[in-house]
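Undergrad: Prediction below, plus the sequence it came from.
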Amino acid sequence: MARFWGRSWALSAPRTSGRHPRSRPDLRRNPSQEQHQHQDPQRPAQRRPWSVLNVRSVAGQVFILQVVIVLLLIVFAVLELLVQAQRDSTAEARNRSLAVAQTFANSPGIAAALASPDPTAILQPRAEAARVTSGVDFIVVTNTQGIRYTHPNPARIGHKFVGTIGPPLAGHPITETINGTIGRLVQAVVPVDDPSNGKVVGLVSAGITIKKVSGVADRELPLLLGGAAVALGLSTAGTALVSRRLRRQTLGLGPAEMTRMYQHHDAVLHSVREGVLIVDDRNRVLLVNDEASRLLDLPEDAEGRLLGELGLNERLAELLSHGSPVTDHVVGAGARLLAVNVRPTDRNGGPPGSVATLRDSTELLALTGRADLARGRLRLLHEASMAIGTTLDVTRTAEELAQVAVPRFADFVTIDLAEAVLIGDEAPTIHGMPMRRVAVGGIRADVPLYPVGRSIVFAPTAPQAWTLDTGRAKLAPVLADATDWRAQKPAHTTRIIEYGLHSLITVPLRARGAMLGVANFFRMEQPEPFDEDDQSLAEELVAHAALCIDNARRYTREHALAVTLQHSLLPRGLPEQTALEVAYRYLPAQAGVGGDWFDVIPLTSTRVALVVGDVVGHGLHAAATMGRLRTAVHNFSTLDLPPDELLGHLDELVSRIDLEQSTTGGREAAVSGASCLYAVYDPVDRTCTLARAGHPPPAVIHPDGTVEFAEVPAGPPLGTALLPFETAELRLPEGSRLVLYTDGLVEDRDRDLDVGLNLLRDTLHHAYDRTPEEICQAVLDVLLPARPSDDIALLVAGTRVLARDRIAEWDVPSDPAAVSGVRAAVSRQLAAWGLDEASFVTELILSELLTNAIRYGAEPIRVRLLYDRTLICEVSDASSTAPHLRYAATLDEGGRGLFLVAQFAERWGTRYIPSGKVIWSEQLLDGAAALRAEFLADLPVE
């Protein structure tokens with residue numbers, strides 16, 4: 001402390017004393033100084049000689065001290081040089097001996113010489129030559145028992161080597177320092193390995209005396225002494241200058257005079273009305289004045305003790321011990337409010353530590369408390385904006401509001417919402433409607449409030465009802481005095497008051513002009529009742545939460561609409577058909593409604609089409625696009641188009657949709673990215689024709705359990721195709737399984753596509769002998785992600801084959817006379833099938849179709865009957881021209897054949913094949929007799 005305050009005084013004092021003869025009257029105690037001043041009053045600055053060797057002055061003592069320090073540093077530097085030179089010499093000897101020993105041991109022919117009959121004759125000359133060249137004192141070669149083969153003194157050859165040979169025999173070189181006959185030396189011992197098998201066959205040791213590599217210190221010592229002399233001279237001169245400056249700053253005062261000056265400063269320090277406290281870098285108190293002791297209620301022995309032992313509050317102790325500059329920081333100390341300033345003392349060369357000044361500012365206590373409270377409320381609002389509304393779930397958002405408010409603002413919080421809000425609708429009116437409690441938060445679990453899920457109807461006099469009617473918050477500072485609240489349910493409200501709840505704020509949940517519900521804030525352990533500022537804070541919290549709840553409500557409504565739309569666009573059931581045994585699964589993504597879809601479409605001639613598609617994206621747009629594509633596929637399939645042509649038409653449709661959106665400025669995203677797989681299975685010849693557009697390949701399970709992914713040419717996604725799509729044809733044995741799926745099944749954010757495909761293959765291999773329904777379940781059990789990020793559509797179809805005894809075929813020559821023979825053959829076949837009632841209608845249909853083929857078609861002409869759920873009659877020829885139905889006029893002699901076919905058949909049409917066309921008709925077997933009777937009844941009676 002003396003040094004600190006003395007330094008401050010000295011820096012502020014004038015350099016001479018002649019300007020103020022009364023500035024320090026009590027310090028003029030030196031008679032010689034006074035006599036000198038009287039003798040030469042015109043030169044007051046020369047009161048005492050400027051000799052820096054005056055040991056009575058502080059400057060002289062500093063000069064002697066610094067010279068002694070410089071001499072000690074020079075002595076220590078010389079000693080350090082000698083010690084370091086000794087270490088460097090030892091290290092140099094170790095490195096050189098090890099390098100020479102390893103070089104000689106690894107030189108060519110050493111291992112062979114050790115294995116020769118006379119190793120000494122070969123190795124002694126080489127070792128001596130290497131010793132002379134390398135400058136070491138000896139190179140010794142020994143066998144594995146340590147017997148020398150070489151030595152500078154030939155008399156020692158054949159004797160036991162002096163040194164450690166255990167580690168080198170194990171293959172580890174060593175160096176060691178020993179006192180030998182030639183002095184203190186360092187020797188290295190390394191192994192000699194046999195190149196053929198790597199075994200140690202001998203040892204090589206090289207050594208050198210330390211004095212041979214020393215001498216650095218002898219060469220550098222004169223230079224060091226010369227430098228030390230120069231340093232001593234410079235330091236002496238510098239110290240003299242510093243001492244001269246110090247003598248000038250202290251005005252030549254001696255230690256006693258300086259002590260007296262510091263005593264005066266100490267008296268001033270303890271008389272000021274501002275607390276001063278100085279601590280060192282170890283948080284030990286160096287000085288405390290009287291005002292600081294009074295303000296902090298410090299004990300009398302505070303000086304010399306640690307800050308932690310003085311009973312200061314945590315914040316104040318942290319400020320005083322941290323050492324960082326602090327300006328007017330207000331801290332409470334008991335009933336006082338102190339303004340604290342802290343400055344470090346080590347600036348400008350001062351000692352480490354800090355000095356703190358303390359001012360009593362108790363009158364600022366109330367203002368600071370309100371500022372802290374305002375900061376806390378702002379912090380709570382900021383945290384609420386980050387924590388409320390993290391999901392688009394109405395109930396979860398209400399729970400987040402309760403979690404934020406408890407316990408920092410309220411002890412208990414309840415949130416009640418209208419029933420319509422929970423399902424995404426707007427409540428037409430809140431007045432008198434039941435509310436559903438969706439969230440309860442509190443510091444205890446046994447509070448007697450209505451639990452979550454309880455339906456509540458508020459009494460007309462209750463604060464909640466008033467709040468819902470007016471849309472304004474209501475404050476009940478003392479809950480026991482709120483008679484309107486107690487009228488809700490007296491017995492229940494009495495239990496709540498007896499439990500300890502004493503204050504209430506009710507705030508309406510209102511967003512965008514719609515009333516959603518009400519939030520209630522209770523206090524129990526916090527003794528202060530709610531006030532108007534608390535009501536404003538509650539309104540801010542609830543306003544933000546209401547917006548988040550309304551956003552979640554709107555999302556719930558839109559999600560429900562999208563799900564409803566999607567379900568309406570997906571197949572509600574599988575159509576009746578006998579070609580395939582089909583099972584399916586459809587699982588929407590948790591993130592929202594997607595665009596995955598599937599379909600099973602019966603075609604002509606007992607064939608069935610399987611379709612799986614995927615529209616990239618989620619939401620209403622994806623679901624609507626999926627519906628458009630599914631409808632288009634249905635329409636295209638009625639034309640009996642091959643898979644590649646159907647995908648071509650579908651690709652063109654998607655391109656037109658994108659073009660319409662771009663030209664009309666629609667906000668909907670483009671459909672590019674949609675994929676589709678279209679497969680047609682024919683149970684007659686067991687063929688399956690497939691084509692795909694940007695879709696994963698289907699999997700095929702053969703009856704023997706082998707699983708493969710069909711090699712279907714991969715076309716581009718729909719809307720981006722530049723080349724025609726290609727088809728692949730598979731021949732599937734009866735009992736095979738065809739597995740179609742979307743990429744959401746095999747690909748996920750945590751699983752690559754290849755991993756998913758391999759997992760699917762393994763699962764199908766283990767479930768090959770199960771039904772399609774069981775296969776679907778087995779696949780989902782293994783591959784379904786915990787939280788699907790995309791829709792999943794899975795279609796498993798087991799193949800069936802139409803029995804050969806239900807197929808009849810005839811080749812027909814291009815002669816009208818052959819029609820009667822074919823009619824007779826068809827009648828016999830129908831009789832064999834037990835379909836005599838259908839014979840009349842079938843002959844009529846066949847006659848018209850066959851006559852047209854003979855008249856307008858080209859050979860070869862074939863007739864085929866298929867007996868399935870319906871009776872299918874097909875006439876094929878090599879012509880690509882198709883007949884068209886027309887209405888014949890009254891006087892026309894022809895043009896009624898196809899009209900009759902359309903009347904008697906359930907369906908009819910034309911299908912193009914590579915070799916021409918097929919005209920087909922389909923009859924319902926149950927209605928054949930009725931059609932025949934109706935036809936006969938309409939004939940004219942002669």
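TA: On my side now, so go ahead. Since the model is a prediction, treat every value here as computed from it, not as a measurement.

Undergrad: The stretch 101-250 of the chain: strands as residue ranges?
TA: Assigned strands in the stretch 101-250 of the chain, in chain order: 138-142, 174-180, 183-193, 200-209 (criterion: DSSP state E, counting those that start in this stretch).

Undergrad: Present the ones you listed as JSON lines; the columns should include distance to Gln923.
TA: Just so you know, the C-beta spots here come from the backbone N, C-alpha and C atoms, and that holds for glycine as well. Formatted as JSON lines, these follow (distance: least, CB to CB, whole Å):
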{"stretch": "strand 138-142", "distance to Gln923": "111"}
{"stretch": "strand 174-180", "distance to Gln923": "105"}
{"stretch": "strand 183-193", "distance to Gln923": "98"}
{"stretch": "strand 200-209", "distance to Gln923": "100"}
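
Undergrad: Turn these into a markdown table, including mean neighbour count and distance to Asn520.
TA: Compiled in a markdown table, these are given as follows (neighbours: other CB atoms under 10 Å; distance: least, CB to CB, whole Å):
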| stretch | mean neighbour count | distance to Asn520 |
| --- | --- | --- |
| strand 138-142 | 26 | 97 |
| strand 174-180 | 14 | 84 |
| strand 183-193 | 22 | 88 |
| strand 200-209 | 25 | 89 |
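
Undergrad: among those strands, which is nearest Val779?
TA: Taking CB to CB as the criterion, strand 183-193 is the member of those that comes nearest to Val779, at 63.0 Å.

Undergrad: tell me what the closest one is packed against?
TA: Counting by 3 or more CB pairs under 8 Å, 6 or more residues apart in numbering; DSSP states H and E, the packing neighbours recorded for strand 183-193 are helix 58-105, helix 110-114, helix 166-169, strand 174-180, strand 200-209, helix 210-213.

Undergrad: contact partners of the third one?
TA: Here helix 166-169 makes contact (CB atoms under 8 Å, 6 or more residues apart in numbering) with Thr144, Pro173, Ile174, Val189, Val190, Pro191, Val200, Leu203.

Undergrad: Please name whichever of the helices and strands packed on strand 183-193 is nearest to Gln829.
TA: strand 200-209 (98.9 Å).

Undergrad: Check the average confidence over the closest one, would you?
TA: Mean per-residue pLDDT for strand 200-209: 88.

Undergrad: repeat for stretch 740-748
TA: 89.

Undergrad: now swap in stretch 161-173 and tell me
TA: 86.

Undergrad: end to end, how far does it reach?
TA: Stretch 161-173 stretches 16 Å from its first residue to its last (CA to CA, to the nearest Å).

Undergrad: and what of stretch 899-915?
TA: Here the two ends of stretch 899-915 are set 26 Å apart, with distance taken as CA to CA.

Undergrad: how about JSON lines for the helices and strands packed on strand 183-193, with distance to Arg737 added?
TA: Written out in JSON lines, the entries for the helices and strands packed on strand 183-193 read as follows (distance: least, CB to CB, whole Å):
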{"stretch": "helix 58-105", "distance to Arg737": "72"}
{"stretch": "helix 110-114", "distance to Arg737": "72"}
{"stretch": "helix 166-169", "distance to Arg737": "71"}
{"stretch": "strand 174-180", "distance to Arg737": "74"}
{"stretch": "strand 200-209", "distance to Arg737": "69"}
{"stretch": "helix 210-213", "distance to Arg737": "86"}
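
Undergrad: Phe521: which of these is closest?
TA: If you check each of the helices and strands packed on strand 183-193 against Phe521 by CB to CB, helix 58-105 wins as the nearest, at 71.1 Å.

Undergrad: Taking strand 174-180 as reference, get the angle to the closest one.
TA: Calculated by axes from the mean of the first three to the mean of the last three CA atoms, to 10 degrees, helix 58-105 forms an angle of 110 degrees with strand 174-180.

Undergrad: just checking, what packs against helix 58-105?
TA: With contacts defined as 3+ CB pairs under 8 Å, 6+ apart, helix 58-105 has these neighbours: helix 119-134, strand 138-142, strand 174-180, strand 183-193, strand 200-209, helix 210-213, helix 216-249, helix 255-271.

Undergrad: Tell me which stretches of the stretch 351-500 of the chain form strands.
TA: Taking DSSP E, counting those that start in this stretch as the criterion, the stretch 351-500 of the chain carries its strands at 353-360, 412-418, 435-442, 455-456, 474-476.

Undergrad: which one of those is the most hemmed in?
TA: Across the strands of the stretch 351-500 of the chain, averaging neighbours per residue (mean count of other CB atoms under 10 Å) puts strand 412-418 on top, at a mean of 26.

Undergrad: what's that strand packed up against?
TA: Taking 3+ CB pairs under 8 Å, 6+ apart as contact, the helices and strands that strand 412-418 lies on are helix 394-405, strand 435-442, strand 514-523.

Undergrad: in its sheet, what does it sit against?
TA: Strand 412-418 pairs in its sheet with strand 435-442 (antiparallel), strand 514-523 (antiparallel), by DSSP bridges.

Undergrad: can you list these in TSV and add mean pLDDT and distance to Leu745?
TA: Compiled in TSV, the strands paired with strand 412-418 are given as follows (pLDDT from 0 to 100; distance: least, CB to CB, whole Å):
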stretch	mean pLDDT	distance to Leu745
strand 435-442	92	35
strand 514-523	92	39
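
Undergrad: Just name the most buried of the helices and strands packed on strand 412-418.
TA: Taking mean count of other CB under 10 Å as the contact definition, the stretch among the helices and strands packed on strand 412-418 with the greatest mean neighbour count is strand 514-523, which reaches a mean of 25.

Undergrad: what element comes up after it heading to the C-terminus?
TA: Later in the chain than strand 514-523, the nearest helix or strand by DSSP states H and E is helix 532-569.

Undergrad: List the buried residues for that next one?
TA: Within helix 532-569, the residues scored as buried using 16 or more other CB atoms under 10 Å are 534-535, 537-542, 544-553, 555-556, 558-559, 562, 565-566, 569.

Undergrad: Looking at the helix or strand hosting Val654 now, give me its mean pLDDT.
TA: In this assignment (DSSP H and E), Val654 forms part of helix 643-664. Confidence for helix 643-664, expressed as mean pLDDT, is 83.

Undergrad: can you check stretch 230-244 too?
TA: Across stretch 230-244, the average pLDDT comes to 73.

Undergrad: same thing with stretch 710-722?
TA: 86.

Undergrad: who's in contact with it?
TA: When contacts are defined by CB under 8 Å, 6+ apart, stretch 710-722 is touched by residues 629, 647-648, 650-651, 654-655, 657-658, 670-677, 690-694, 697-700, 725-728, 730.

Undergrad: same thing but 6 Å
TA: The list of residues contacting stretch 710-722 from outside it, by CB atoms under 6 Å, 6 or more residues apart in numbering, reads 650-651, 654-655, 658, 671-675, 690, 692-694, 697-698, 700, 725-726, 728, 730.

Undergrad: Not counting sequence-adjacent ones, nearest residue to Pro448?
TA: Once flanking residues are discounted, Pro448 sits nearest to Arg495: 4.6 Å by CB to CB, 6 or more residues apart in numbering.

Undergrad: my read: the one you found touches Asp446, true?
TA: No - the pair Arg495 and Asp446 does not pass the contact test of CB atoms under 6 Å, sitting 11.4 Å apart.

Undergrad: hang on, the earlier thing: can you give me the angle the next helix or strand after the helix holding Val654 makes with helix 643-664?
TA: The helix or strand immediately downstream of helix 643-664 is strand 675-682, counting by DSSP H and E. With the same axes, to 10 degrees applied, the angle from strand 675-682 to helix 643-664 works out at 150 degrees.

Undergrad: Of all the residues in strand 675-682, which ones are buried?
TA: The neighbour-count criterion (16+ other CB under 10 Å) identifies Ser675, Cys676, Leu677, Tyr678, Ala679, Val680, Tyr681, Asp682 as the buried residues of strand 675-682.

Undergrad: From Met258, how far out is Ala710?
TA: According to CB to CB, to the nearest Å, Ala710 stands 103 Å off from Met258.
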